[in-house]
Every structure is written in structure tokens, then in C-alpha cells.
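Visitor: here is my input; please provide its structure:
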Amino acid sequence: MKNATRLLQTMIYLIVANMASAATDPAAMPGLYVDPQSSAAVWVRAHASDGRAGDIGSHIANQPDARWFGGWSGDIAAAVNRHVSGAAEANRTPVMVAYNIPGRDCGQYSAGGEASHAAYQNWIRTFAGAIGDRAAIVILEPDALPQLDCLDAQGQAARLQLFQYAASQFSTLAPRTLLYFDIGNSAWLKPAEAARRLINAGAAGVHGFSLNVSNYQTDADSNSYGGAVGESLRAQAGWSKPFVVDTSRNGAGPNGTQWCDPAGRKLGLTPRVNSAGSQPEMNLWIKSPGESDGCAAPAGSFAPEIAYKLIYGY
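Guide: Numbering: from 1, shown residues only. Got it, this is the predicted structure:
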């Protein structure tokens with residue numbers, strides 16, 4: 001029975017993977033998009049006389065980072081289309097974060113999200129449709145799978161169904177999008193549990209998984225953890241996935257268990273697509289350096305002092 005279940009899982013994976021095969025390898029996509037409307041770039045243009053502007057411009061604003069989308073984005077079809085169109089005109093690949101799931105962040109600093117599951121389905125379907133047949137990289141709902149434990153059994157099942165729904169919509173409506181399910185960081189879930197949640201969320205039908213979003217774990221720990229999660233996926237379901245790591249603020253590693261705007265952190269590896277077959281397959285700046293976690297300034301707002309200190313590790 002166990003072998004038969006494993007065989008069935010493998011067959012389902014191969015069928016779903018073939019459906020998603022139109023999404024290309026990241027090494028074959030156009031280079032990563034430097035967003036002229038990033039929070040750092042906007043601040044630099046508005047504060048050209050500030051003594052920190054030159055460093056923030058050259059070290060942060062001129063690097064490709066991710067654009068986050070949620071309720072603040074307004075008309076999601078227009079917002080996504082505008083961003084993807086800008087990237088396409090520059091012959092670059094945008095990195096985007098979908099961050100609007102109901103019960104987001106367990107009601108903490110980044111609380112919010114859609115009011116109902118039906119509303120979220122409409123929102124994420126519209127998000128995928130606005131990308132269409134253009135190249136993109138999307139990180140789906142940072143922390144939502146690791147934070148399943150803050151929900152009751154019914155809420156957990158509903159959230160997993162939303163991930164499954166998102167996977168199906170991107171596969172159908174945005175076939176050239178590389179979709180990554182976020183699964184937290186190396187100090188959070190055990191690899192076997194991370195793999196179990198990815199499987200239950202429908203990760204068979206997406207390109208890969210993301211690690212260390214908005215966190216500070218070292219590359220060594222993240223890369224080792226990603227490999228362990230991949231091995232657990234293989235052991236539990238007979239397949240594995242590539243992963244990406246957020247290196248935006250991990251240059252000095254973590255400051256103990258502090259996660260909310262800790263002092264003394266530093267920029268990590270600049271965003272890059274690694275050679276084909278490498279793990280991680282990309283180092284990305286998913287959390288935009290300089291945007292607060294919610295302690296030094298409102299969550300998601302750009303704080304130039306945070307940005308400047310990240311450059312030098314103050």
C-alpha cells in the first residue's frame with residue numbers, strides 16, 4: 001500500500017509538472033528587473049540632498065528587489081499589469097510577492113489580507129491573469145504556511161485549499177511565471193514538517209519554494225536547510241523542488257532571535273540567478289532593504305536610517 005501511494009503521488013506530480021512546464025528555467029529568463037518605483041528609489045529621488053542618498057541609491061535602489069502586492073495595491077489587475085509591463089519594456093523579469101491571504105501574519109505587525117476566502121480566490125486569480133503570458137517570478141504569501149499553527153483545523157484546511165487554488169490559477173493563466181511557495185526559514189519548521197506542508201499545499205504544481213523572506217538566517221544555514229527540505233520532499237512524495245533564498249538582510253546573520261528591525265544587520269548577496277542546476281537557483285532581495293518590520297517604523301514603510309545601517313552593518 002505504501003509503495004502504491006508513493007507511485008500514485010509520483011504520477012500526479014509528473015502530470016501536474018508537465019502542465020506547468022511552460023514556465024521556463026530562471027537562467028533562460030531576461031535579467032532581474034530594477035524597479036524605478038521601489039521604495040528606496042522613490043526616497044532617493046525625493047531626498048537627493050540627504051547625505052545618505054548616494055549610498056542608498058548605489059547599494060540598494062540600483063539593485064533588483066521584489067514588489068509586494070496586497071490590499072494597498074488597489075485595483076490588483078491594473079497594479080500587476082503596470083509593474084509587469086514596465087519590466088517587459090525593459091526586457092527584464094519582475095520579482096513580485098502576493099501578500100493578501102485572509103488572516104495574514106496571525107494578526108501581528110502585518111495583519112490584514114482579504115476578508116473572505118472567496119475574495120482571495122478572486123484576487124489571486126486576477127493577479128495571475130494580469131501577468132498573463134509574460135515572464136515573472138512570484139513568491140506566494142510569505143509565512144502563511146509556517147503560521148498554519150495559529151489557525152484551527154478548519155482554518156488550516158481552508159488555507160491549504162487557497163494555496164492549491166493559487167497554484168492552479170498561475171499554471172493556467174500565467175504559464176511563464178515561476179511560482180514559489182514560501183515555507184519560512186531555517187530556524188522555524190523542521191525540514192520534514194516543512195516538506196509535509198508544501199505537499200499538502202499543492203507544491204507539486206509550482207516551480208519551487210522560498211526561504212528566509214524578511215529574515216536574517218545565513219546563506220550556509222538557508223542553503224543547507226533548503227537541501228534538507230528537498231530531501232524530505234523526495235522521501236515523502238518522490239519528488240523535489242528548487243528553492244530561492246532572500247539575501248536582502250542576512251549579510252551579518254541573525255541577532256539572536258530578534259526579527260523585528262534588529263540592530264547590526266547587513267545587506268547580503270546581491271540578487272542573482274545562479275547557474276542552471278544550482279541550489280539555491282536564485283538569491284533574491286524579496287524583503288526590500290530599508291523597509292521596516294514594524295518596530296522602528298510602520299511595517300512595510302521605508303526608513304532611510306535602516307537602509308543606511310544595512311549598507312555598513314551598523
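Visitor: from the chain's centroid, how far away is the helix ranked longest in the chain?
Guide: With residue count as the measure and DSSP state H as the assignment, the chain has helix 153-173 as its longest helix. Relative to its chain's centre, helix 153-173 lies at 16 Å (CA atoms, centre = their mean, to the nearest Å).
Visitor: ok, what's across the strand from residue 181?
Guide: Beta-bridge partners of residue 181, counted by DSSP bridges, are residue 140, residue 209.
Visitor: isn't it right up against residue 162?
Guide: No: look at residue 181 against residue 162 with CB atoms under 8 Å: they stay out of range, at 11.4 Å. No exception for glycine: its C-beta is placed from N, CA and C like everyone else's.
Visitor: rewinding a little: what are the buried residues along the longest helix of the chain?
Guide: Judged by neighbour count (16 or more other CB atoms under 10 Å), helix 153-173 contains these buried residues: 156, 159-160, 162-171, 173.
Visitor: check stretch 33-42 too.
Guide: When burial is assessed from 16+ other CB under 10 Å, stretch 33-42 yields the following buried residues: 33, 34, 35, 38, 39, 40, 41.
Visitor: ok, now stretch 222-229?
Guide: With the criterion 16+ other CB under 10 Å, stretch 222-229 contains buried residues 222, 223, 225, 226, 228, 229.
Visitor: what does stretch 53-70 give?
Guide: Buried residues in stretch 53-70, counted by 16+ other CB under 10 Å: 53, 55-57, 59-61, 63-70.
Visitor: for these, which one is nearest residue 137?
Guide: Taking CB to CB as the measure, residue 137 lies nearest residue 66 of the buried residues of stretch 53-70, at 8.2 Å.
Visitor: which ones are touching the closest one?
Guide: Counting by CB atoms under 8 Å, 6 or more residues apart in numbering, residue 66 touches 95, 96, 97, 139, 284, 285, 286, 287, 288.
Visitor: got the phi/psi numbers for the second one?
Guide: Right, the one you point to is residue 96. Main-chain torsions, residue 96, degrees, to the nearest 10: phi -130, psi 150.
Visitor: among the buried residues of stretch 53-70, which lie within helices?
Guide: For the buried residues of stretch 53-70, the ones inside helices are 53, 55, 56, with DSSP H as the criterion.
Visitor: once you drop chain neighbours, what's closest to the last one?
Guide: Distance criterion CB to CB, 6 or more residues apart in numbering; nearest residue to residue 56, sequence neighbours excluded, is residue 307 at 5.1 Å.
Visitor: what about the strands in the protein?
Guide: Using DSSP state E, the strands of the chain run over residues 67-69, 95-98, 136-140, 177-182, 208-211, 243-246, 272-273, 282-284.
Visitor: so which of the ones you listed gets nearest residue 150?
Guide: Each of the strands of the chain has some distance to residue 150 by CB to CB; the shortest is strand 177-182, at 15.5 Å.
Visitor: tilt between that closest one and helix 153-173?
Guide: Here strand 177-182 points in a direction 160 degrees away from that of helix 153-173 (axes from the mean of the first three to the mean of the last three CA atoms, to 10 degrees).
Visitor: if we can go back for a sec, out of the buried residues of stretch 222-229, which one sits closest to residue 152?
Guide: Using CB to CB, residue 229 is the member of the buried residues of stretch 222-229 that sits closest to residue 152, with 25.7 Å.
Visitor: how much space between the residue nearest to residue 56 and residue 41?
Guide: Distance from residue 307 to residue 41, counting by CB to CB, to the nearest Å: 11 Å.
Visitor: so residue 229 makes contact with residue 193?
Guide: No: under the contact definition of CB under 8 Å, residue 229 does not touch residue 193, with a separation of 9.5 Å.
Visitor: which parts of stretch 257-274 are buried?
Guide: By neighbour count, and taking 16+ other CB under 10 Å as the criterion, the buried residues in stretch 257-274 are 259, 261, 262, 265, 266, 267, 268, 271, 273, 274.
Visitor: tell me where this protein is predicted with low confidence.
Guide: Flagging of the chain using pLDDT under 70 yields the residue ranges 1-24.
Visitor: ok, the most centrally placed residue in it - contacts?
Guide: Most central residue of the chain, judged by C-alpha distance to the mean C-alpha position with CA atoms, centre = their mean, is residue 139 at 3.1 Å. Contact partners of residue 139, counting by CB under 8 Å, 6+ apart, are 66, 95, 96, 97, 98, 180, 182, 210, 213, 244, 284, 286.
Visitor: between those residues, which sits nearest residue 278?
Guide: Residue 278 lies nearest to residue 244 out of the contacts of residue 139, by CB to CB, at 10.8 Å.
Visitor: so who does that closest one touch?
Guide: 139, 180, 208, 209, 210, 211, 280, 281, 282, 283, 284, 286.
Visitor: so residue 105 versus residue 70, what's the distance?
Guide: Residue 105 sits 11 Å away from residue 70, going by CB to CB.
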